[in-house]
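> Give me a model of this one.
(one chain, ligands or ions: 1)
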Amino acid sequence: MKHTKSEQLFKEAEKYIPGGVNSPVRAFKSVGLAPIFADKAHGDRLIDVDGNEYIDYICSWGPLMLGHSPDFMSEGLEEMAKRGTSYGVATEIEIEVAKIIVDAYPAIDQVRMVNSGTEATMSALRVARGYTNRNKILKFEGCYHGHSDGLLVQSGSGTLTFGVPTSPGVPADVVKNTLVCRYNDMDDVRRVFEEQGDDIAAVIVETVSGNMGVVPGTQEFIQGLRDICNEYKTVLIFDEVITGFRLAYNSSIGYFGVEPDMVCFGKIIGAGMPVGAYGARKEIMSCVSPVGPVYQAGTLSGNPLAMFLGKKNLETLRDHKDIYSELDRKGKMLQEGIQNNLKKLGLDYTVNRAGSLVCLFFTSGPVQNFDDATKSDIDKFNAYFKEMLDRGILIAPSQYEAMFLSYAHTDEDIEYTIKCNYEALKASHNL
Ligand SMILES: *Cc1c(COP(=O)(O)O)cnc(C)c1O
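Here you go, the predicted structure:
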């Protein structure tokens, strides 16, 4: 497989864009390759500028539940654009999308549109702090909530509960109010709440983490967070930027039967357009400007073209709930196929899955938190990634990402992927 044109574009891109990319994971740096440049995509296929065709499991990192550019998606888009691409005044379609989201998610009465997942979590945390009049927030190691200052933290060493910045440019002072606990570890959470629970405004969590590979929260953990937040009157925030409208139409509420106080959405609600949203009960959302004193704004928020595509995506999911059982079946097929291959090859690796999110960890399990995930053999993963790419299977160039299945992934393509997985594992392990 040749990547000549991608390599040329990468050289050119590097001159004008740091690292040649507008988001680091696109760089393929961790796997030691030049990144591929996309030309077009349809269904479960992505075609790069060299004409190579891949079965795509990156799928824009989650928004494309129905696969790339389903035909009905672009219908009417041109007319919409002709009427204006942004107004800076209110539009009716914003109400329509808000209503769809609120109707789907029983825990919330109102929702505010923003332009990315990062904005959604950052804004939700500000509102939670304003609402509770408390300072601290609690997050979990390995969960990603976008790149705002206060969330770029990892746990301090030993029993330190406050976070330390994971990036230069984030002052230690900014993250001193961010507490970090182990994922799926209620004892750790209880310990921190006993110390400082009265000043914890919010707990923010991915109910199924898709940012340390795929690590589902246990039922006990998610319910435990609900209970302790009730006890301390802390706002429980589900970051459903990946899981929202993916695990089920009612997202984590359907999957776990637990309701948060606030929710963040992104990815799927924009169908690939730059969109995020946060919502809560009216009592909490009444803190938000212009009703309340907590400031949050956005020139392009609720952009009409983004709302147009997001609405189509959400309506399709709402009106075709069989999509969820189909995605679950496909996820299971992929998981079991990989597990069979591992058994045949005598490899003691772990395959985690939640619905259509699948991850092969290059470590023996169970993988239940960040420490478990980082035991993975990254060199082996990198070799495996290259073998998959050569066979026309595009997975994330990182061990710590999910395989995103879409409704457009056919059984035939999943079977082919499983066959390639066998060969790629074999080749990368010299078996
Ligand atoms: C992708 C992601 C974000 C950040 O969304 P952006 O649109 O990239 O800013 C936040 N939370 C989770 C769980 C995500 O996966």
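> So what touches the helix or strand harbouring residue 386?
Per DSSP states H and E: residue 386 is located in helix 378-390. Applying C-beta atoms under 8 Å, 6 or more residues apart in numbering, the external contacts of helix 378-390 come out as 1, 30-33, 54, 362, 394-395, 397, 399, 420-421, 423-425, 427-429. For the C-beta atoms, the positions are set from N, CA and C on the backbone; glycine is no exception.
> hmm, who's touching whatever helix or strand comes next after that helix?
Note on helix 378-390: by DSSP H and E, the next helix or strand toward the C-terminus is strand 393-394. Outside strand 393-394, the residues that touch it by C-beta under 8 Å, 6+ apart are 36, 46, 54-58, 388, 417, 420-421, 424.
> what sits against the residue in the stretch 151-300 of the chain positioned nearest to the ligand?
Closest residue of the stretch 151-300 of the chain to the ligand, C-beta to the nearest ligand atom: residue 241 (3.5 Å). Going by C-beta under 8 Å, 6+ apart, residue 241 touches 62, 117, 120-121, 145-146, 264-267, 276.
> State the distance from it to residue 268.
Applying C-beta to C-beta, to the nearest Å, the value for residue 241 to residue 268 is 9 Å.
> Show me which helix runs longest in this structure.
helix 322-345 (DSSP state H).
> Show me how far it is from its chain's centre.
Distance, stretch centre to chain centre, for helix 322-345: 20 Å (C-alpha atoms, centre = their mean, to the nearest Å).
> Averaged pLDDT, that helix. What do you get?
What helix 322-345 shows for mean pLDDT is 98.
> could you measure the residue of the stretch 151-300 of the chain closest to the ligand against residue 104, distance?
If you go by C-beta to C-beta, the gap between residue 241 and residue 104 works out to 15 Å.
> Residue 184 too?
From residue 184 over to residue 104 (counting by C-beta to C-beta), the distance is 27 Å.
> before we move on, what about residue 389?
For residue 389, the distance to residue 104 (C-beta to C-beta) stands at 36 Å.
> And residue 191, by the same measure?
Residue 191 is 35 Å from residue 104, where distance means C-beta to C-beta.
> Likewise for residue 125?
Separation of residue 125 from residue 104 (C-beta to C-beta): 23 Å.
> Specify the beta-bridge partners of residue 353.
Following DSSP bridges, residue 353 is listed with bridge partners residue 358.
> ok, how many other residues are close to the residue of the chain found nearest the ligand?
For the chain and the ligand, the shortest gap (C-beta to the nearest ligand atom) falls at residue 117, measuring 2.1 Å. Residue 117: 30 surrounding residues under other C-beta atoms under 10 Å.
> now do residue 58
With neighbours defined by other C-beta under 10 Å, the count for residue 58 comes to 20.
> got it, and the one 10 residues further on?
A count of neighbours around residue 68, defined by other C-beta under 10 Å, yields 21.
> In contact with it, which residues?
The neighbourhood of residue 68, defined by C-beta under 8 Å, 6+ apart, consists of 41-46, 56, 59, 406, 408.
> Now, of these, which are buried?
Buried by 16 or more other C-beta atoms under 10 Å: 41, 43-46, 56, 59, 406, 408, out of those.
> Quickly check: stretch 64-84 near the ligand or not.
No. Using C-beta under 6 Å from any ligand atom, we find that stretch 64-84 stays clear of the ligand, coming within 13.4 Å at best.
> From residue 86, how far out is the residue nearest to residue 88 when sequence neighbours are not counted?
In this structure, residue 88 finds its nearest non-sequential neighbour in residue 299, 6.7 Å apart by C-beta to C-beta, 6 or more residues apart in numbering. Distance of residue 299 to residue 86, given as C-beta to C-beta: 8 Å.
> Looking only at neighbour counts, state which of those two leads.
Each of residue 299 and residue 86 has its neighbours counted (other C-beta under 10 Å); residue 86 has more, 14 against 8.
> Now name the helix or strand holding that one.
Of the helices and strands defined by DSSP H and E, none includes residue 86.
> Any figure for the gap between it and residue 257?
Distance from residue 86 to residue 257, by C-beta to C-beta: 39 Å.
> try residue 223
Applying C-beta to C-beta, the value for residue 223 to residue 257 is 8 Å.
> More neighbours: which of the two?
Per other C-beta under 10 Å, whichever of residue 223 and residue 257 has more neighbours is residue 223, with 15 against 11.
> which ones are touching the more buried one?
Applying C-beta under 8 Å, 6+ apart to residue 223 gives the contacts 256, 258.
> next one: phi and psi at it?
With angles defined as degrees, to the nearest 10, residue 223 sits at phi -70, psi -40.
> same thing with the one 4 residues further on?
The main-chain torsion angles of residue 227 are listed as degrees, to the nearest 10 and equal phi -70, psi -50.
> Tally up the residues packed near it, please.
Residues contacting residue 227 under the criterion other C-beta under 10 Å number 12.
> which residues touch the helix or strand containing residue 113?
Applying DSSP H and E as the criterion places residue 113 in strand 110-114. Residues outside strand 110-114 that contact it (C-beta under 8 Å, 6+ apart) are 94, 97-98, 101-102, 120, 123, 265, 275-282, 285, 288, 296, 298, 301-302, 307.
> That strand pairs with which strands, and in what direction?
Applying DSSP bridges, one finds strand 110-114 paired with strand 276-280 (antiparallel).
> and the strand it pairs with, how far from the chain's centre?
15 Å.
> for the record, mean pLDDT for that strand?
Strand 276-280 carries an average pLDDT of 98.
> Same question for stretch 213-228.
Averaging pLDDT along stretch 213-228 yields 98.
> buried ones in that stretch?
213-217, 221-222, 224-226, 228.
> excluding its backbone neighbours, what's nearest residue 163?
Spatial nearest neighbour of residue 163, excluding adjacent residues (C-beta to C-beta, 6+ apart): residue 153 at 2.9 Å.
> cool, residue 134 as well?
Nearest non-adjacent residue to residue 134, counting by C-beta to C-beta, 6+ apart: residue 201, 3.9 Å away.
> Now the closest residue to residue 64 other than its chain neighbours: which helix or strand?
Nearest residue to residue 64 in three dimensions, chain neighbours excluded: residue 406, at 5.3 Å (C-beta to C-beta, 6+ apart). Using DSSP H and E, residue 406 sits within no helix or strand.
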